[in-house]
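> Here's my sequence, what's the structure:
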Amino acid sequence: MKDFPHASFPPDIIRVMTEAMESAVSALPHPVASAHIQSLAETILRTTKEGERDPATLARMALLELMVSPRA
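Residues are numbered from 1 along each chain as shown. Model prediction:
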């Protein structure tokens, strides 16, 4: 992951991020590309680092960012 070399979160926040990630991934059509997984994870990490703690909001933000990101 880029830009997260020293990120550290307590176990309860990791559970929130895991819930958000599972929710976001389950919303994608199969097969899910690894690039999409990485994008979702980076958004969830960044948004959590900025202070968001609601898993539904984290998942929604990650999915929205994935939708507006430029395609390679």
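
> Where does the residue sitting nearest the centre point of the chain fall, secondary structure wise?
Nearest to the geometric centre of the chain sits Ile44, at 3.0 Å (CA atoms, centre = their mean). Using DSSP states H and E, Ile44 falls within helix 34-49.

> ok, then the element right after that helix?
helix 55-68.

> Tell me which residues of that next one come out buried.
For helix 55-68, a neighbour-count test (16 or more other CB atoms under 10 Å) marks Pro55, Leu58, Ala59, Arg60, Met61, Ala62, Leu63, Glu65, Leu66 as buried. Quick note: C-beta positions are derived from backbone N, CA and C, even for glycine.

> what residues are up against the fourth one?
By CB atoms under 8 Å, 6 or more residues apart in numbering, the contact list for Arg60 is empty.

> what does Leu28 give?
His36, Leu63.

> Please repeat the previous calculation with a cut-off of 10 Å.
By CB atoms under 10 Å, 6 or more residues apart in numbering, Leu28 lies in contact with His36, Ile37, Leu40, Leu63, Leu66.

> Can you tell me how far the first one is from Glu22?
Here the criterion is CB to CB, to the nearest Å. By it, His36 lies 14 Å from Glu22.

> Between the two, which has more neighbouring residues?
His36 (18 against 12; other CB atoms under 10 Å).

> CA atoms only: put stretch 31-42 into CSV for me.
Taking Å, rounded to 0.1, in the frame of the first residue of the first chain, the C-alpha atoms of stretch 31-42 are listed here in CSV:
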residue,chain,number,x,y,z
PRO,A,31,-14.9,-11.5,-10.5
VAL,A,32,-13.4,-8.7,-8.4
ALA,A,33,-10.1,-7.4,-9.7
SER,A,34,-7.1,-7.1,-7.4
ALA,A,35,-6.7,-3.5,-8.4
HIS,A,36,-10.2,-2.8,-7.1
ILE,A,37,-9.4,-4.5,-3.8
GLN,A,38,-6.3,-2.4,-3.5
SER,A,39,-8.2,0.8,-4.3
LEU,A,40,-10.9,0.0,-1.7
ALA,A,41,-8.3,-0.8,0.9
GLU,A,42,-6.4,2.4,0.4
